[in-house]
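K.L.:
what follows is a predicted structure for the sequence shown.
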Amino acid sequence: MENENNSIDNSTNDASQSSQNPQTHEVTDGTNKKSQNQRRNPNRNRAKGTKRTTISSDLSEEMKLAIISNKKVQESRMTPWRKIDPRNNNKIRFTPLGGLGEIGGNMAVLETEESAIIIDVGMSFPDETMHGVDILVPDFSYLQTIKEKIKGVIITHAHEDHIGAMPYLFKKFKFPVYATPIALAMIDNKFQEHGLKDDAKYFNYVTKREIYDVGDFKIEWIHVTHSIIDSCALAIQTPAGTIIHTADFKIDHTPIDNYTTDLHRLAYYGEKGVLCLFSDSTNSHNPGFTKSEAVVGKTFDELFAKAKGRVIMSTFSSNIHRIYQAMDRAVNVGKKICIIGRSMERNIETTRRLRYIDIADKNFIDAHEVGKHKDSDILIVTTGSQGEAMAALSRMATDEHRHIKLKPTDTVIISASAIPGNEGAVSRLMNLLMKAGVTVRYREFSDIHVSGHAAQEEQKLMLRLIQPKFFLPVHGEYNHISQHAQTGILCGVPERNIILMSDGDQVEITPKYLKKVKTVKSGKTYIDNQNNRTIENSVVLDRQKLASDGIVNVVAQISQENQRLVGKPVVTTYGLVAEKETKRFSKEIEDILELLLPSIKPEALKNHTIVENEIRVALKRHIVRTKKRYPLIIPTIFII
């Protein structure tokens, strides 16, 4: 399955012409020489588990002909990739720069010798060790090396993990951007926040089922269902063959807007022959099917009926269909709607402006108007389902929100699941809400949230529709893509035709082989979202050191005449020793300095930096030996 150095040779297209022409028949029976040879040398390209059947000689010629004809038809339709011209020597390269080995931060580059495209530019969330970091964006170093080749940015949908890093990309590079109107509208919102409003001139609005020429590529956006409006898969015709990139998807047969996944178009490309499939692995461990978004609406009906006072609903601000279901039901029962949270307000305003949501202005009120209405007549839709400290719901839970003060009669609905890494923050939020005395509705209702990603049976359907020659699972941690690979094998993709990738791996794809060719620089850039600025890696490392090992400050006066301490050094520590041990620790530091100073060369005393470095090394050696910690040590020396 995983092959980093050796190419995967699957150039078995010699029989492709006969496979493509099922009307040309050759009848064989049990005594036929050709049939005997086939029994001795079974076709190595036969689907796993398929048995070769010897046709009995007592059957009529017409029945033999029908059996052979049907078998050829079946084998041809199960391997449509054989239609790809085996004499095609073109090659393309695929390089994920985010989204593999992690959830979120999706970004990849697809390139030929002459041109390249970027597929999505997403952000991800930091873990708890990245102190003061709000978001992570991909490292753009590789783009710098190929910037002359890049012909455009291709956006699949408007989730933050696919567009959240766009402003940071455009602060470094300017490329044409191709996406559906809703995705470009949300990117435009971000550009305006970052002072990039003039960069909207790079936008190209696409129409699904139309083909756009971008460099060496012909690209078609294909509608798929997901947890945001206008999600798309991509059909990318390259010089080497057709690539299908599903992006994030599930197969919802009853979506809220009634626009189902365009299975017909996906099947159309599968029938033509697909060289490689890149497909969403996020829910690859989940058996069965992901539930329809429509089931959440029924849960809202039940929860609204049980609520005694105000209903406060929190979900992802981009999940417009979820938000629409809640608002539509609120209007039906006479509730007023209050939207709180910057991203929530912006996304709802954008989708209403683009006519994706049709709810009249009279049904909305501002936060300061909530107190003018009966509690039972209020629905508050807010941000904060992931326990973000600065989000509106967290500020309500800590009684810090300017307008909304929680009451025991309130019902808080958290219609989301915790993003991996956010479980602790969500748990803290739940504790705060319960301490406030409100009724919290979360996991006890199974249909209070449904995923936007395909489970195993939907992944199988996608694999069977596309029937690719090669398969690259994308979007997810290593365990997700590994499980998705196993599903691919079950669906007829040979194990040798699958590679498990990590961010930075570059894979070369041709009609004959799939192989990893090199690894490029990848990683994350840390962002302080309060001022939209980059945080240097060294700063984050210092913060981690302070959090885990503490800090030691030493202020001392040294006599230049005799190289001894003048008075006692002032030692302060944070996060290293308990307060009751401070006096003893200070005495240890004093003793070390008294032993060290006479050994320093007299000429070194003319340079404070040299003396401070000598002290830092000596103190570090002592603290590592006695405390098994590596604190930040800051000596300040006065030579008198």
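P.N.:
Here it is on my side, so go on. Numbers count the residues shown, from 1 in each chain.

K.L.:
the stretch 451-600 of the chain: helices as residue ranges?
P.N.:
Taking DSSP state H, counting those that start in this stretch, the helices of the stretch 451-600 of the chain run over residues 456-466, 478-490, 537-549, 582-596.

K.L.:
and those: which comes nearest residue 362?
P.N.:
Smallest distance to residue 362 across the helices of the stretch 451-600 of the chain (Cβ to Cβ): 40.0 Å, for helix 456-466. All C-beta spots, glycine's among them, are computed from the backbone N, C-alpha and C.

K.L.:
comparing the helices of the stretch 451-600 of the chain by mean pLDDT, which bottoms out?
P.N.:
If you rank the helices of the stretch 451-600 of the chain by mean pLDDT, helix 537-549 sits at the bottom with a mean of 80.

K.L.:
number of nearby residues for residue 167?
P.N.:
Neighbours of residue 167 under the rule other Cβ atoms under 10 Å: 22.

K.L.:
same question for residue 626.
P.N.:
Residue 626: 11 neighbours (other Cβ under 10 Å).

K.L.:
for residue 214, same thing?
P.N.:
19.

K.L.:
same check, this time on residue 320
P.N.:
Look at residue 320: counted by other Cβ under 10 Å, it has 25 neighbours.

K.L.:
same question for the one 3 residues further on.
P.N.:
By the criterion of other Cβ under 10 Å, residue 323 has 23 neighbours.

K.L.:
now do the one 3 residues further on
P.N.:
Taking other Cβ under 10 Å as the neighbour definition, residue 326 ends up with a count of 23.

K.L.:
out of the helices of the stretch 451-600 of the chain, nearest to residue 516?
P.N.:
Closest of the helices of the stretch 451-600 of the chain to residue 516 is helix 478-490, at 14.0 Å (criterion: Cβ to Cβ).

K.L.:
what's the closest one packed up against?
P.N.:
Contact here means 3 or more Cβ pairs under 8 Å, 6 or more residues apart in numbering; DSSP states H and E; on that basis helix 478-490 packs against helix 456-466, strand 470-474.

K.L.:
list the residues that contact residue 507.
P.N.:
For residue 507, the contacting residues are 93, 94, 95, 472, 499, 501, 514, 515, 516, 517, by Cβ atoms under 8 Å, 6 or more residues apart in numbering.

K.L.:
repeat that for 7 Å
P.N.:
Taking Cβ atoms under 7 Å, 6 or more residues apart in numbering as the criterion, residue 507 is in contact with 93, 94, 472, 499, 501, 514, 515, 516.

K.L.:
and for residue 298?
P.N.:
So residue 298 contacts residue 447 (Cβ under 7 Å, 6+ apart).

K.L.:
run the chain-centre distance for the one helix or strand it maps to.
P.N.:
Take DSSP states H and E as the rule and residue 298 turns out to sit in helix 294-306. On the basis of Cα atoms, centre = their mean, to the nearest Å, helix 294-306 is displaced by 29 Å from the centre of the chain it belongs to.

K.L.:
paired strands for the helix or strand just after that helix, with orientation please.
P.N.:
Downstream of helix 294-306, the next assigned helix or strand under DSSP H and E is strand 311-314. Sheet neighbours of strand 311-314, with direction, are listed as strand 378-382 (parallel), strand 411-414 (parallel) (DSSP bridges).

K.L.:
pick the most buried one from those strands.
P.N.:
Highest mean neighbour count of the strands paired with strand 311-314: strand 378-382, a mean of 26 (counted as mean count of other Cβ atoms under 10 Å).

K.L.:
so residue 240 touches residue 508, yeah?
P.N.:
No. Judged on Cβ atoms under 7 Å, residue 240 makes no contact with residue 508 at a distance of 9.4 Å.

K.L.:
isn't residue 158 right next to residue 183, touching?
P.N.:
Yes. With contact defined as Cβ under 7 Å, residue 158 counts as touching residue 183 (4.2 Å).

K.L.:
residue furthest from the geometric center of this protein?
P.N.:
Distance from the C-alpha centroid of the chain, by Cα atoms, centre = their mean, peaks at residue 561 (63.2 Å).

K.L.:
any figure for the gap between it and residue 55?
P.N.:
Applying Cβ to Cβ, to the nearest Å, the value for residue 561 to residue 55 is 109 Å.

K.L.:
what's the answer for residue 617, then?
P.N.:
85 Å.

K.L.:
those two - which one has more neighbours?
P.N.:
residue 55 (17 against 12).

K.L.:
so where is the chain shaky, pLDDT-wise?
P.N.:
Along the chain, the parts satisfying pLDDT under 70 run over 1-53, 530.

K.L.:
tell me the centre residue of it?
P.N.:
residue 104 (1.7 Å).

K.L.:
name the SS class of it, please.
P.N.:
At residue 104 the chain is in coil, as set by DSSP: H, G, I helix; E, B strand; the rest coil.
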